[in-house]
Structure formats: C-alpha cells, structure tokens
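Peer 1: any chance you can model this:
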Amino acid sequence: NVILTILEDQLDKIWFGGHGGGVSRYNGKSFTNFTKDQGLVHTSIRHILLDKRGNIWFGTTKGVSRYDGNRVEAIERGDKVPLQEQKDLKKINGKFVKTFSNFTTDNGLSDNLIRCIAEDRKENIWFGTNSGGLSRYDGNRVDAIENGEIMSIQDTQDLKKVNGKFVKTFTNFKTDQGLP
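Peer 2: The predicted model follows:
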C-alpha cells in the first residue's frame, strides 16, 4: 500500500492514509482499518488533519470525511471533555457512537479531489482541491455557537444565517476571487 499522509493524534495513535487502502490507525500494538464499510467517503486518502475540537478530517479523491471517534473515546476513558464539545456527537440509546460525516460537491465543496487540509485560528477548515481552488468550511464555528460557546461579533460576521439561525456552509475561492 502506498502511504501518502501520516498523523499522530492527541491520544498518541498514528493514522496512515494511502492510495486505495483507506485509513489505518496504529495504537502501538495493532492496526485498525477504516474503509467505506466503516463510513469513509472513499478509500484513496490524500491528507489527514486533526482539528482543535479533536475531529479527524480525511481528504480523499471523492470528497472529505470527518471522524468524531477520538472525542467519543476520550469521553469513554473518563477524560474531561467540555459539555459544549459533546453536544454535536451522535447518541444511540443514550450512548455516544463514533461516526464519519462525509462532504462532497453535493454539500458545497468546490471539487471532490482534496489535496490538502488546514485549520485557521477561527476553526474554519480549509480544503485545497485539485481543480476547484479552495473551499472553506465554517461548520466548526456553527457547532461551537450551537453548543453554547461565546464568540465575538468579528468571528461570526461572515457566517450565513437562514431564518435567523446560523447554517454550516462551504465558501469557495477560485481565480474569480483572486487565486492565481
């Protein structure tokens, strides 16, 4: 398997992404593999990012997957995870479950082939694409507001509202917006 990207998370696990094999997580003793069967949008992984909230983002050749399992594992271990960072996690029968959320051009990405991912200080997630320029996802900030976190007016001015409520969106930047 060709490995294209590697990440160490806050739980000291190593994540490997490659061409067609999905994602492998190494805990120091064994590997756990994640593919489309576990929820990934695609198995060709180009980039991995750990965001400030503990989510892991996987840029693939067919879109983006966000994994919230590290936050769930921290809660299960008894780590102190602020309540506001637990509100967007999925529960079944009152118990947190690990999930993948997938994003593609159908959700607003400018292109599905993701080359790189970064997070800015406002917790926007930026995606460099193959032929669609840049996409900026503001969903982490919307989650924070919905979870009761206080943000300055400057940090919320560019968020989209529908019927007075913030909505998660992608903003795309191409040559029309100044990219070379």
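Peer 1: quick one: low-confidence residue ranges for the chain.
Peer 2: When residues are selected by pLDDT under 70, those of the chain lie in 81-88, 139-168.
Peer 1: how about the helices in it?
Peer 2: With helices called from DSSP state H, the chain shows them at 69-77, 139-146, 153-156.
Peer 1: give me the buried positions along the longest one.
Peer 2: Within helix 69-77, the residues that qualify as buried by neighbour count (16 or more other Cβ atoms under 10 Å) are Gly69, Asn70, Arg71, Val72, Glu73, Ala74, Ile75. Where you see a C-beta, it was placed from the backbone N, CA and C, and this is true even at glycine.
Peer 1: pretty sure Glu119 is touching Asn55, no?
Peer 2: No - applying Cβ atoms under 8 Å, one finds Glu119 not in contact with Asn55, separated by 9.8 Å.
Peer 1: mind checking which of the two has more residues around it?
Peer 2: Per other Cβ atoms under 10 Å, whichever of Glu119 and Asn55 has more neighbours is Asn55, with 22 against 18.
Peer 1: run through the residues that contact the nearest residue to Tyr137 once chain neighbours are set aside.
Peer 2: With sequence-adjacent residues excluded and distances taken as Cβ to Cβ, 6 or more residues apart in numbering, Tyr137 is closest to Ile125, at 4.4 Å. Applying Cβ atoms under 8 Å, 6 or more residues apart in numbering, we find Ile125 in contact with Leu49, Asp51, Trp57, Ile117, Ala118, Glu119, Arg136, Tyr137, Gly139, Asn140.
Peer 1: hey, what's Glu134 bridged with?
Peer 2: Small correction: residue 134 is Leu, not Glu. Note on Leu134: beta-bridge partners by DSSP bridges are Gly128, Phe173.
Peer 1: could you pull up the residues touching it?
Peer 2: Leu134 is in contact with Ser110, Trp126, Phe127, Gly128, Asn172, Phe173, Lys174, Leu179, counting by Cβ under 8 Å, 6+ apart.
Peer 1: distance check, it against Lys174.
Peer 2: Leu134 sits 8 Å away from Lys174, going by Cβ to Cβ, to the nearest Å.
Peer 1: overlap in contacts, these two.
Peer 2: Residues within reach of Leu134 and of Lys174 at once, by Cβ under 8 Å, 6+ apart, are Ser110.
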